[in-house]
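[1] sequence plus the predicted model coming up.
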Amino acid sequence: SQTIHQWPATLVQPVGSPLSLECTVEGTSNPNLYWYRQAAGRGLQLLFYSVGIGQISSEVPQNLSASRPQDRQFILSSKKLLLSDSGFYLCAGVTGYPYNEQFFGPGTRLTVL
Amino acid sequence: DQQVKQNSPSLSVQEGRISILNCDYTNSMFDYFLWYKKYPAEGPTFLISISSIKDKNEDGRFTVFLNKSAKHLSLHIVPSQPGDSAVYFCAASKYGNKLVFGAGTILRVKS
């Protein structure tokens, strides 16, 4: 079965520090991959998606970037974190039909102080 | 512009009764709708979906109804159980593209 791994589970970082969150996929190949953020009391906001190695689409202008160096690896980064980057970050993937039923990783809780 | 809206932030239901969670959308191009369930500090898990060519889909205790003319869908849980207490997200997509999520509804099932 398809599984998404994310780490770390929780992270506390000072303002201005860099960020790297990693997501890896197991049990499938050629997935579309997505990064979402859930801010406190809000829904899931799509940040980036990727349909293949090196292919990244950004949904909203922000302080973050994403990269996909391998088929099953998706990385979310920032050079300098802002307070507003705090939230719950989720990686999701989808393969095959139906192309909508995304499966999610366990998430990373990021607190920027 | 919120294309998918869940207007009830929370819902409280007695164990054994029916839970009805509602979702409205504005984009008539959406052709696939999904419900996800999320526990605190975990990723959402897929619950049930419905294509725009149907008006009902059932899976055990969960039924999703779609009213295209009203741009409205609902999730019915019967009977509700304490383990159903979670945040429920409605999501929509068009042509197998990205999902647009609602803000979520917190369901509390009281025993």
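    Ah, there it is.
[2] which residues of chain A lie near chain B?
    A:4, A:6, A:9, A:34, A:36, A:42-46, A:49, A:59, A:88, A:90, A:92, A:98-107, A:109 (C-beta under 8 Å from any C-beta of the partner chain). Using the backbone N, CA and C atoms, a C-beta is placed for each residue, glycine as well.
[3] how about a cut-off of 6 Å?
    A:42, A:43, A:44, A:46, A:90, A:99, A:100, A:101, A:104, A:105, A:106, A:107 (C-beta under 6 Å from any C-beta of the partner chain).
[4] thought residue B:77 was touching residue B:17?
    No - in this structure, residue B:77 is not within contact of residue B:17 by C-beta atoms under 6 Å, at 9.4 Å.
[5] higher neighbour count, the two?
    residue B:77 (23 against 13; other C-beta atoms under 10 Å in any protein chain shown).
[6] state the distance from the more buried one to residue B:39.
    15 Å (C-beta to C-beta, to the nearest Å).
[7] which residues pair with the residue nearest the centre of chain A across the strands?
    Nearest residue to the geometric centre of chain A (C-alpha atoms, centre = their mean): residue A:35, 3.0 Å. Per DSSP bridges, the residues bridged to residue A:35 are residue A:48, residue A:91.
[8] helix/strand/coil for residue A:84?
    Three-state call for residue A:84 (DSSP: H, G, I helix; E, B strand; the rest coil): helix.
[9] what packs against the helix or strand of chain B with the lowest mean pLDDT?
    Lowest by mean pLDDT, DSSP states H and E among the helices and strands of chain B is strand B:100-101, with a mean of 91. Packing partners of strand B:100-101 (3 or more C-beta pairs under 6 Å, 6 or more residues apart in numbering or on different chains; DSSP states H and E): strand B:86-93.
[10] who does the strand or helix carrying residue B:23 pair up with?
    Element membership of residue B:23, judged by DSSP states H and E, is strand B:19-25. Strand B:19-25 has its sheet partners listed here by DSSP bridges as strand B:4-5 (antiparallel), strand B:72-77 (antiparallel).
[11] closest one to residue A:76 among those?
    Among those, strand B:4-5 comes nearest to residue A:76, with 23.4 Å by C-beta to C-beta.
[12] next structured bit after the closest one?
    Following strand B:4-5 in sequence, per DSSP H and E, is strand B:10-14.
[13] check which helices and strands that next one sits against.
    Looks like strand B:10-14 contacts strand B:105-110 (3+ C-beta pairs under 6 Å, 6+ apart).
[14] export the strands paired with strand B:19-25 to TSV and tack on distance to residue B:83 and mean pLDDT?
    TSV is the format used below for those (distance: least, C-beta to C-beta, whole Å; pLDDT from 0 to 100):
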stretch	distance to residue B:83	mean pLDDT
strand B:4-5	26	94
strand B:72-77	11	98
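[15] of all those strands, which one is nearest residue A:20?
    strand B:4-5 (30.7 Å).
[16] tell me who's in contact with residue 16.
    No chain in the question, so chain A it is. By C-beta atoms under 6 Å, 6 or more residues apart in numbering or on different chains, the contact list for residue A:16 reads residue A:80.
[17] not what I meant, chain B
    The neighbourhood of residue B:16, defined by C-beta under 6 Å, 6+ apart, consists of residue B:79.
[18] show me where pLDDT drops low in chain B?
    By pLDDT under 70, the low-scoring segments of chain B are B:1, B:96.
[19] residues in it within reach of chain A, list them.
    So chain B meets chain A at B:32, B:42, B:43, B:44, B:46, B:93, B:96, B:98, B:101, B:102, B:103, B:104 (C-beta under 6 Å from any C-beta).
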